[in-house]
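**Student:** Turn this into a structure:
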Amino acid sequence: MSTEVHNGPTDDKQARGTPFSGDPSGGAGDQPAQLERLPLDAWHRDRGGRMVPFAGYEMPVQYEGIIAEHLWTRENAGLFDVSHMGQLLIHGRDADSELEKVLPADLRGAKDMKPKYSLLLADNGGIIDDLMATRRGDDFYVVVNGATKHGDMAYLAERLPNLAIDHMKEQALLALQGPRAVDVLEGIIPGVRALAFMEAGPFRAVGHPLWISRSGYTGEDGFEISVPAVVAGDLADAILANELAKPIGLGARDSLRLEAGLPLYGHDLDEETTPVMAGLTFAINKRRRAEGGFPGDMRILAELEKGAPTTRVGFEVEGRQPVREGALVLDAEGTEVGRITSGGFSPSLQRPIAMGYVASHLAATGTALKLEQRGKLFDARVTAMPFVPHRYHRKGA
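**Tutor:** Numbers count the residues shown, from 1 in each chain. Here you go, the predicted structure:
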């Protein structure tokens, strides 16, 4: 998480024909016959947003252009509409212990208003979704990816019948990202500056209560804002009244998260991928490693001890041509040893970058490999991620 993380982690992928081309469904499969519209649909169109199908919605992929929007967010403040994501309020007796049955996070030890990145796990240890979970008293506010939200809710209802799961359909979700995001938002909502990365709290603006976390999925400082849909346009207008802020589409959101080395569900993560393979072992704390008790725990704990067969890595790609999702990773003998899951041209670095999985014995930084795309070979080296350093606002910074 969507993000973004999603929040946590988020789950955005650009439309075909953009610098980071891929399946605009974001891994959601076939689009429904009737696409849903965001609460701010007309708002986006009025501002020149180019709308594309994504996760069952019509969503803006760009306004001025992906590269310009990407660089603006790295230098100023970019406003993203991520209202397609699923906002859930989960409550019931022992909600923390119950949720630990499907998530590997330490939720019993979770403090109020401290979002945690976590993973919804399948029985085989694979990742059903990545998400953000925040304790709010006895309840948990959970943000899941848009393309998976209905399946996630069904899975939670089946596995945790003693909990109530409220889908907060009346709420929109906006993300304001970039080094000047705090200056823009503090001018509208006094007090947000006091939040550190991965802290959240209740606020009020445009005449309504808001829930704001200092988080996002771009690698930059920023905020995610849960706002009643009926006033989301008023809040967006107030943000854009500041010349430091501009609306940004899904295209730049994807290129930003790739530069930040953040995985995208449905592309870099799926039900065949374990947290160890994905390099997300930070999401499993010491107590949960000792106790287990989450789906796929035996496989995941064995991989933590002995290693996984494949590992998510970053790639530096020689030349100027981007290598896209689906390209093969080959060793020196031409044997397939992995696959690219995300790739494109980095606007910040002015060169191609990619992310994918390789056999773990080839995952060391500096390992030279070949990438094959449509019969063409590219020289590449395994490199550390993130490609562009994170600039989160840590406490005490």
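
**Student:** Could you chop the chain up by domain?
**Tutor:** Domain assignment for the chain by automatic domain parsing gives 36-85+169-259, 309-397.

**Student:** Of the ones you listed, which is nearest E271?
**Tutor:** The closest of these to E271 is domain 309-397. By C-beta to C-beta, the value is 14.1 Å. Just so you know, the C-beta spots here come from the backbone N, C-alpha and C atoms, and that holds for glycine as well.

**Student:** The closest one: how far from the chain's middle?
**Tutor:** 19 Å (C-alpha atoms, centre = their mean, to the nearest Å).

**Student:** Return the most buried member of the domains of the chain.
**Tutor:** Neighbour counts (mean count of other C-beta atoms under 10 Å) averaged over each of the domains of the chain peak at domain 36-85+169-259, with a mean of 21.

**Student:** Mind pulling the model confidence for D81?
**Tutor:** Per-residue pLDDT puts D81 at 98.

**Student:** how far away is it from H44?
**Tutor:** Taking C-beta to C-beta, to the nearest Å as the measure, D81 falls 7 Å from H44.

**Student:** same thing with D166?
**Tutor:** D166 is 27 Å from H44, by C-beta to C-beta.

**Student:** hmm, back to that, quick check: which of the domains of the chain is nearest to M153?
**Tutor:** domain 36-85+169-259 (11.4 Å).

**Student:** who touches both of D81 and H44?
**Tutor:** Taking C-beta atoms under 8 Å, 6 or more residues apart in numbering as the criterion, D81 and H44 both touch L38, M59, P60, P247.

**Student:** May I ask you to confirm that the first one is in contact with M59?
**Tutor:** The one in question is L38. Yes: taking contacts as C-beta atoms under 8 Å, L38 lies within contact range of M59: 6.6 Å.

**Student:** what's the overlap in contacts for these two?
**Tutor:** Residues within reach of L38 and of M59 at once, by C-beta under 8 Å, 6+ apart, are H44, D81, H84.

**Student:** Confirm V231 sits in a helix?
**Tutor:** Yes: counting by DSSP: H, G, I helix; E, B strand; the rest coil, V231 falls inside a helix.

**Student:** ok, and the closest non-adjacent residue to it?
**Tutor:** Of all residues not flanking V231 in the chain, V206 sits nearest, at 4.6 Å (C-beta to C-beta, 6 or more residues apart in numbering).

**Student:** Look up how far A238 lies from the one you found.
**Tutor:** To A238, V206 is 7 Å away according to C-beta to C-beta.

**Student:** do A147 as well
**Tutor:** 30 Å.

**Student:** I'd say A164 and I90 touch.
**Tutor:** Yes: between A164 and I90 there is a contact under C-beta under 8 Å: 7.2 Å.

**Student:** more neighbours, those two?
**Tutor:** Just comparing A164 and I90: by other C-beta atoms under 10 Å the higher neighbour count belongs to I90, 21 against 12.

**Student:** and the more buried one, what helix or strand is that in?
**Tutor:** For I90, the host element (DSSP states H and E) is strand 86-91.

**Student:** And the contacts of stretch 39-52?
**Tutor:** Here stretch 39-52 makes contact (C-beta under 8 Å, 6+ apart) with 14-15, 24, 38, 58-64, 81, 83, 172, 229-230, 232-233, 236, 247, 249-250.

**Student:** Kindly provide the whole-number mean pLDDT of stretch 304-314.
**Tutor:** What stretch 304-314 shows for mean pLDDT is 98.

**Student:** Restricting to C-alpha, output it in CSV.
**Tutor:** Taking Å, rounded to 0.1, in the frame of the first residue of the first chain, the C-alpha atoms of stretch 304-314 are listed here in CSV:
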residue,chain,number,x,y,z
LEU,A,304,13.2,-16.4,7.0
GLU,A,305,15.6,-19.0,8.3
LYS,A,306,16.9,-20.5,5.1
GLY,A,307,16.1,-18.0,2.4
ALA,A,308,13.6,-17.9,-0.4
PRO,A,309,14.2,-19.4,-3.9
THR,A,310,13.7,-16.0,-5.6
THR,A,311,14.2,-12.4,-4.5
ARG,A,312,12.8,-9.0,-5.5
VAL,A,313,15.7,-6.8,-6.8
GLY,A,314,16.2,-3.5,-8.6
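
**Student:** can you give me the strands for the stretch 201-350 of the chain?
**Tutor:** Applying DSSP state E, counting those that start in this stretch to the stretch 201-350 of the chain gives strands spanning 208-213, 222-228, 245-247, 310-317, 328-330, 336-346.

**Student:** And the pLDDT for Y117?
**Tutor:** Looking at Y117, its pLDDT is 98.

**Student:** Tally up the residues packed near it, please.
**Tutor:** Count around Y117 with other C-beta under 10 Å applied: 23.

**Student:** Equivalent analysis for K101, please.
**Tutor:** For K101, the count of nearby residues is 13 (other C-beta under 10 Å).

**Student:** Tell me the pLDDT of it.
**Tutor:** 98.

**Student:** when you give positions from now on, start the count at 22
**Tutor:** With the count now opening at 22, the last piece we talked about shows up as K122.

**Student:** residues in contact with it?
**Tutor:** So K122 contacts R180, L181, G314, F315, P316 (C-beta under 8 Å, 6+ apart).

**Student:** count of residues packed around the fourth one?
**Tutor:** Residues lying near F315 (other C-beta under 10 Å) number 23.

**Student:** Please name the nearest non-neighbouring residue to it.
**Tutor:** Distances taken as C-beta to C-beta, 6+ apart place P125 nearest to F315, at 4.6 Å, with adjacent residues excluded.

**Student:** can you pull the contacts of that neighbour?
**Tutor:** Neighbouring residues of P125 by C-beta under 8 Å, 6+ apart: S139, L140, L142, P296, A304, I305, R309, F315, D318, I321.
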